[in-house]
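Asker: based on what follows, work out the 3D shape:
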Amino acid sequence: MDIKQQFKALLHQAAWFTDKLLDEISSPEDWVCRAAPGTNHPLWILGHIAYTQNAFVGMADPARSASREGYGKLFGRGSTPLDDASAYPPPDDMRAYLQERRGAFLEVLDGLDAEGLACPTPEGAPKFLPDVASLFPMWAWHETIHSGQLSTVHRVLGNQALSDRG
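Answerer: Coordinates of the predicted model:
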């Protein structure tokens, strides 16, 4: 398996886990449920993953960035989850945006050769993302961190852990 196939496997596994958890959240109250005071709720987690995914796309290929108005304020670094679900875009819209951004990221990966993977990230990128290749495992790690938070809320809502299912 080459490095691009390894990146794709990481990205697909992280997306699968997040999507399975999101599939079981339905009511407006569930979307803003928190596992504990001061923690992130599913609606913020979804938007933050989508917002960050777009940032990764933009670092890999600036022409492919597709920012959404207001997402930075709602979901960017330093944002605070709001308890009012109506303050956010509808979950279905955010999920569609996330899916589209994931697809764009995979298309960017498909178009890269070894030289493209070795290109430095744009000025202003975090120091821990020195080149385009570093974006792909970091994205999977980032989504997995937040889907872990989502998993805890999923259990608080009374759902069976994905790992306990046959």
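
Asker: please name the residues that touch the residue nearest the centre of the chain.
Answerer: For the chain, Ile49 is the residue whose C-alpha lies nearest the centre (Cα atoms, centre = their mean; 2.5 Å). With contacts defined as Cβ atoms under 8 Å, 6 or more residues apart in numbering, Ile49 is in contact with 18, 98, 142-143, 146-147. C-betas here are computed from N, CA, C, even on glycine.

Asker: max pairwise distance over those: which two?
Answerer: Using Cβ to Cβ, the contacts of Ile49 span at most 12.7 Å, a distance reached by Leu98 and His142.

Asker: between those two, who's got more neighbours?
Answerer: Ranked by neighbour count (other Cβ atoms under 10 Å), Leu98 and His142 place Leu98 first, with 23 against 18.

Asker: contacts for the strand or helix carrying that one next, please.
Answerer: Secondary structure from DSSP states H and E places Leu98 in helix 91-110. Residues outside helix 91-110 that contact it (Cβ under 8 Å, 6+ apart): 4, 7-8, 11, 15, 22, 25, 31, 43, 46-47, 49-50, 53-54, 56-57, 60-61, 64, 66, 68, 88, 136, 139.

Asker: quick check: closest non-adjacent residue to Trp162.
Answerer: Not quite, residue 162 is Leu, not Trp. In space, Leu162 comes closest to Lys20 once its chain neighbours are excluded; the distance is 5.6 Å by Cβ to Cβ, 6 or more residues apart in numbering.
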